[in-house]
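Participant: I would like the atomic coordinates for the input below:
(2 chains)
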Amino acid sequence: MTDSNVSRHKASDPAEWVDQYGDVLFRFALSRLRDPDAAEEVVQETFVAALRARHQYSGEGSERAWLTGICRRKIVDCIRRRNRPDAATGGEQDNDPSAEFFDAKGNWRFDPRIMGGRPEAAMEREEFWEAFRSCLKRLPQRQADVFMLREFDELSGDQICKELGITSSNLWVLLHRARLRLTRCMKFHLEKWGPTDDASLPRGLPFGVRVDGA
Amino acid sequence: MLRCREVSRLVSESMERNLPLRQRLQVWLHLAMCRLCAGFARQLRFLRRAIQENSERLTQDPTAPEPTLSEEAREQIKAALREGQV
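Facilitator: Next comes the predicted model:
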């Protein structure tokens, strides 16, 4: 190869970015923020930051990947802003909800097992994904925000704590509450089908033991 | 003996870090006897894997139209970019 630029991408004209990448970035931001106004703002911040940093774009990797990387940063910034203790929307009261899930003795108020303990069986059905999506949408904002960063963006707990300025125990509580809510919500949505009857399950086996073909 | 309330919390926490030995034993003991908590623990790992493998499907309904930037936002962003370029 004589031309050293041949494997490099050239940055396109910023005037064309919005039409070329605007919707892709908007959908990504919306998937993480669940708020169209906030997502639009993040897209604008992304493009403006990209414009300033244009000369730093190395040409390695696609322009879309470069912009998506900037967008990720801007999403985290937005999440930090809206969850600051003094933020009008992020400061929602989050009282200990454990009484909703456990009785006074600390026992489950409901059977937490989706599909009678076999959630895999539900994956084939569109209803499962519908329930999953709608339950994710119902999480309180703070819980949803940390849950998305942890499970969808696969950030480490330490990274999230650093980005959002919260403690580990704070993070664990939020994640646990999100998981409890999600569990109960999905259980409720999927109640109508699937074996909730324990008779179909192997009895007395400790956690981790699988009985295949049962 | 730990209750389901504490065990579910520790099970969730164990998705984030290694629990101290003592707690790990307490949880294990409880899970060996409580099918609800054992199911919950297994389910948390299942949900994590399901999300990792289906993140797009979980944030966008494949049968719904894909959301797009509003015309207003599009124009505003273009204006901001023009301003930034001069």
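
Participant: The residue of chain A found nearest chain B - nearest residue in space that isn't next to it in sequence?
Facilitator: Chain B sits closest to residue A:106 of chain A, with a gap of 2.9 Å, by CB to the nearest CB. C-beta: built from backbone N, CA, C; applies to glycine. Spatial nearest neighbour of residue A:106, excluding adjacent residues (CB to CB, 6 or more residues apart in numbering or on different chains): residue B:3 at 2.9 Å.

Participant: Let me see the contact set for the one you found.
Facilitator: A:102, A:105, A:106, A:107 (CB atoms under 8 Å, 6 or more residues apart in numbering or on different chains).

Participant: quick one: which of those residues is most hemmed in?
Facilitator: When neighbours are taken as other CB atoms under 10 Å in any protein chain shown, the top entry among these is residue A:102 (20 neighbours).

Participant: burial of the residue lying closest to that residue once chain neighbours are set aside, as a residue count?
Facilitator: Spatially, and ignoring its direct neighbours in sequence, residue A:102 is nearest to residue B:5 (4.2 Å; CB to CB, 6+ apart). Applying other CB under 10 Å, we find 18 other residues in the vicinity of residue B:5.

Participant: Same check on the one 10 residues further on?
Facilitator: By the criterion of other CB under 10 Å, residue B:15 has 18 neighbours.

Participant: you'd agree it is up against residue B:48?
Facilitator: Yes: between residue B:15 and residue B:48 a contact is recorded at 6.9 Å, counting by CB atoms under 8 Å.

Participant: wait, what's in contact with the residue nearest the centre of chain A?
Facilitator: Residue closest to the mean C-alpha point of chain A, counted by CA atoms, centre = their mean, is residue A:148 at 1.9 Å. When the contact criterion is CB under 8 Å, 6+ apart, the partners of residue A:148 are residue A:32.

Participant: Let me know the pLDDT of it.
Facilitator: Confidence at residue A:148, expressed as pLDDT, is 97.

Participant: re earlier: packing partners of the helix or strand hosting the residue nearest to residue A:102?
Facilitator: Secondary structure from DSSP states H and E places residue B:5 in helix B:4-13. On a contact count with 3 or more CB pairs under 8 Å, 6 or more residues apart in numbering or on different chains; DSSP states H and E, helix B:4-13 meets helix A:98-101, helix A:168-190, helix B:21-33, helix B:35-53.
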